[in-house]
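Visitor: my questions concern the predicted model and sequence given below.
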Amino acid sequence: MLAPTLDCFNETKEINVVSVFEVKEEANWEQHLIEYIQYGILPTDSKRRVYVKRRALRFTIKNDILYRKAFEGVFLRCLSREEATYILNEVHGGLCGAHQAGPKLTDQIKRLGYYWLTMVQD
């Protein structure tokens, strides 16, 4: 007597994955910080003004480059969206180790001295 075969193991299903998190980022997120740190210019929107004042405490500018002050006292170079994409691909792709997961990848990028606004989400 032959055992019945189960076709449920041979089934293939197509799954569409949609990201739950939508990150809203300005095209040039550091521009407001640079304007405030260098020239004292604040945005006209009151919520944005408070946001920039609070965030600016952790940033500094040296040689016209924006840096974020890390907790360890290290300065992390702030990257634009294009630069961040390049660094993320290089580090994840094996430049500094093989295909690291999210938190480890973020730590590795910070150890290399880079920062951008949405690095944890990216």
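Guide: Received the coordinates, thanks. Since the structure is predicted, the reported quantities are computational estimates derived from the model, not experimental observations. Numbers count the residues shown, from 1 in each chain.
Visitor: show me the helices in this structure, by range?
Guide: For the chain, the helices defined by DSSP state H occupy 31-39, 46-56, 81-90, 102-112.
Visitor: weakest of the ones you listed by average pLDDT?
Guide: Set side by side, the helices of the chain differ in mean pLDDT, and helix 102-112 is lowest with a mean of 81.
Visitor: what residues of it count as buried?
Guide: Buried positions in helix 102-112, judged by neighbour count with 16 or more other C-beta atoms under 10 Å: 105-106, 108-110. Using the backbone N, CA and C atoms, a C-beta is placed for each residue, glycine as well.
Visitor: next one: stretch 52-72
Guide: So, applying 16+ other C-beta under 10 Å, buried residues of stretch 52-72: 52, 55-56, 59, 66-68.
Visitor: now do stretch 73-80
Guide: Buried residues in stretch 73-80 (16+ other C-beta under 10 Å): 75-79.
Visitor: got it, and stretch 112-122?
Guide: By 16+ other C-beta under 10 Å, the buried positions in stretch 112-122 come out as 114-117, 119, 122.
Visitor: kindly report the same for stretch 39-54.
Guide: Taking 16+ other C-beta under 10 Å as the criterion, stretch 39-54 shows 42, 52 as buried.
Visitor: could you tell me the end-to-end distance of it?
Guide: 16 Å (C-alpha to C-alpha, to the nearest Å).
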